[in-house]
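Next input, structure requested:
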Amino acid sequence: MSANKGWWVPPEGEDSVSEKFLRKTKEFPLVPVGLAGCLVVAAYRIYQLKARGSTKMSIHLIHTRVAAQACAVGAIMLGAVYTMYRDYTKRTAQDTGEK
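Numbering: from 1, shown residues only. The predicted model follows:
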């Protein structure tokens, strides 16, 4: 047994969380951008909580959730468009014999 029981160590042959995150970031670079955008929008809207005026709290929180989800979905859509463009240009280059 390890003396430091507070740390989780992945089993042999598996990536750690940070290695997995870095690998996923290299494969899909817009996922961290979407996550960051989601967190920024949520933090800003929570910061603006005092200035909501006469709007009910539930409505303000719903608008916050929708705005944060829009950032995440927008990043996913940009990633899908980028992937389709990259695959299309690769396929077009192979069809014409270019590199």
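
What is the least confident helix or strand in this protein?
Lowest mean confidence among the helices and strands of the chain (mean pLDDT, DSSP states H and E): helix 17-27, at a mean of 83.

So which bits of the helix or strand just after it are buried?
Scanning forward in sequence from helix 17-27 by DSSP states H and E, the next helix or strand is helix 30-47. For helix 30-47, a neighbour-count test (16 or more other Cβ atoms under 10 Å) marks 30-31, 33-34, 37-38, 41-42, 45 as buried. (Glycine included, C-beta is placed from N, CA and C.)

Then stretch 18-28?
For stretch 18-28, burial by neighbour count (16+ other Cβ under 10 Å) applies to residue 28.

Check the offset of it from the chain's centre.
11 Å (Cα atoms, centre = their mean, to the nearest Å).

residues in contact with residue 71?
If a contact means Cβ atoms under 8 Å, 6 or more residues apart in numbering, then residue 71 has 34, 37-38, 40-41 as its contacts.

The helix or strand containing it vs helix 30-47, what angle?
Counting by DSSP H and E, the secondary-structure element that holds residue 71 is helix 57-96. With axes from the mean of the first three to the mean of the last three Cα atoms, to 10 degrees applied, the angle from helix 57-96 to helix 30-47 works out at 160 degrees.

Below-threshold pLDDT in the protein: ranges please.
For the chain, applying pLDDT under 70 flags the ranges 1-6, 8-12, 97-99.

80 - rerun?
Along the chain, the model assigns pLDDT under 80 to residues 1-16, 28-29, 31, 92-99.

Can I get the buried residues of helix 30-47 in TSV including distance to residue 58?
Below are these laid out as TSV (distance: Cβ to Cβ, whole Å):
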residue	distance to residue 58
30	31
31	30
33	29
34	25
37	23
38	20
41	18
42	16
45	13
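
From the residues you listed, pick the one nearest residue 90.
Lowest distance from residue 90 to those (Cβ to Cβ) belongs to residue 30, with 18.4 Å.

The closest one is in contact with residue 75, isn't it?
Yes: contact criterion Cβ atoms under 8 Å: residue 30 and residue 75 qualify, at 4.7 Å.
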